[in-house]
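J.: Quick check, what structure comes out for this input:
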Amino acid sequence: MPELPEVETVRAGLERHVVGRTVATAAVLNPRAVRRDPTGPGGFVAAMVGRPFTSAQRRGKYLWLDLDDDEALLAHLGMSGQLIVGDSGRPLSPHVRARFTFTDGGPDLRFTDQRTFGHLMVVTIDRAAASEDPGTRLVPEPITHIAPDPLEAAFNAKVFAARLARRHTGIKRALLDQSLISGIGNIYADEALWRARLHWARPTDKLRPAEVSRLLDAVGDVLTEALKVGGTSFDALYVNVNGESGYFDRSLNAYGQEGEPCGRCATPIRRDAFMNRSAYSCPRCQPRPRAASL
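T.: Numbers count the residues shown, from 1 in each chain. Here you go, the predicted structure:
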C-alpha cells in the first residue's frame, strides 16, 4: 500500500499538473471507485463537472484536491490506486475506474486501480473548526480522526510521546496506528526501527524518552529520503502522476531483506510473522525484549 512518501509524490504531481484547472467532464467507469460517496456515481459526476481544483493537500496516506464552496475530492489509493495525468487522446487501460477532462483541453486525469481497493469521494471541509481555533488545519470531515503525520507542521512530538507512553502495545503496532501517527506503513516502520536500533515488539510504555526521540528522528529521515527518490516501487502498482516508479527500494536496510547481512553488523536480517504480514529486523542491532511473544 502506498505510504506517506508515495502519496506525497502523487500530491506534488497533482499540484503541478492539475491545480488551477477546471473539470469539463467526469466519468465513473467502475462504481466501486466511488462506493463511499453517498450520492453514487451520478451524484459524484454532477458534483465534479465545472469545478476548479484549487489546491492539492495530504494527510498521511490520504490526499485531496480542494474545490470551491468548501468541498474537496478525497482520494485513498488503497493497494494499487494511481492518479495518472497524460494525453487525453490515449486509449483507456482496462483498470481505469474514473476519468476527468479539463476545460483547457490539456492532459486528462485518470484514476487507475487494478485491485479496486482505493476510492474517490466528494467531501466537505469543516471550516467551522478553523474559525474556532485558527491553528487548526483544515482537513476533510471523513479523515478528522487521522493523526498528523511526521512531516506536517501540525505534528507535535511531545504529544505523540505522551500518547505513546500511555499505550501498552508493541512499537511497530503503534507506528501503524493512523490515529496516533499517520503515513507510516509496514515498509517505513521496519526501516525506521532498524535505524533507531529498536525491536518491533518493544513495549511502548517501556521506551525511554531518548529512544522515542531517536525513533522520531529515524522516522523523519526515512520518510524524507524516500520522498526524495519518489517513494518505493516493487511493481507497477505504484507510480507517480507521470507513470514513473520510485527508487527507495534500492536503499532498504531491513524490509524484505531476510537473510541478507545487516548493513551495520553483517548479521543476517530476520523475518517474523506480524499481523498477517512480516516484520524485519537485525537480531543483533535490534535485540528483542525478553517478554516479547514472537
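J.: quick one, what contacts the most centrally placed residue in the chain?
T.: Central residue of the chain (CA atoms, centre = their mean): Lys61, 2.3 Å from the mean position. Contacts for Lys61 were tallied using CB atoms under 8 Å, 6 or more residues apart in numbering; they are 1-4, 7, 76-77, 178, 182-183, 185. In short, each C-beta sits where N, CA and C put it, glycine included.
J.: how about CSV for those, with neighbour count added?
T.: Converted to CSV, the contacts of Lys61 look like this (neighbours: other CB atoms under 10 Å):
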residue, neighbour count
Met1, 18
Pro2, 27
Glu3, 23
Leu4, 27
Val7, 26
His76, 21
Leu77, 24
Gln178, 19
Ser182, 24
Gly183, 28
Gly185, 20
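J.: What residues sit buried inside stretch 137-145?
T.: 139-140, 143 (16 or more other CB atoms under 10 Å).
J.: Then stretch 156-170?
T.: So for stretch 156-170, counting by 16+ other CB under 10 Å, buried means 160-161, 163-164, 170.
J.: okay, the residues you listed in TSV with distance to Lys206 and pLDDT next?
T.: Output for the buried residues of stretch 156-170, formatted as TSV (distance: CB to CB, whole Å; pLDDT from 0 to 100):
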residue	distance to Lys206	pLDDT
Phe160	16	95
Ala161	13	95
Arg163	15	94
Leu164	11	94
Gly170	11	96
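J.: Domain map for this structure?
T.: 4-143, 157-281 (automatic domain parsing).
J.: Identify the residues contacting Ile181.
T.: 147-150, 155, 160, 174-175, 219.
J.: Helix, strand, or coil at it?
T.: Taken by DSSP: H, G, I helix; E, B strand; the rest coil, the conformation at Ile181 corresponds to coil.
J.: so how far is Gly118 from it?
T.: The gap separating Ile181 from Gly118 is 22 Å, by CB to CB, to the nearest Å.
J.: In this protein, where is pLDDT below threshold?
T.: Within the chain, the stretches with pLDDT under 70 are 1, 126-136, 230-250, 291-294.
J.: Please enumerate the strands of it.
T.: For the chain, the strands defined by DSSP state E cover 23-28, 55-59, 62-66, 71-76, 81-86, 96-102, 108-113, 119-124, 270-274, 277-281.
J.: Hmm, Asp104 and Ser88 touching each other?
T.: No: in this structure Ser88 lies outside contact range of Asp104 using CB atoms under 8 Å: 10.5 Å.
J.: Those two: which is more packed in?
T.: More neighbours surround Ser88 than the other of Ser88 and Asp104, with 16 against 10 (other CB atoms under 10 Å).
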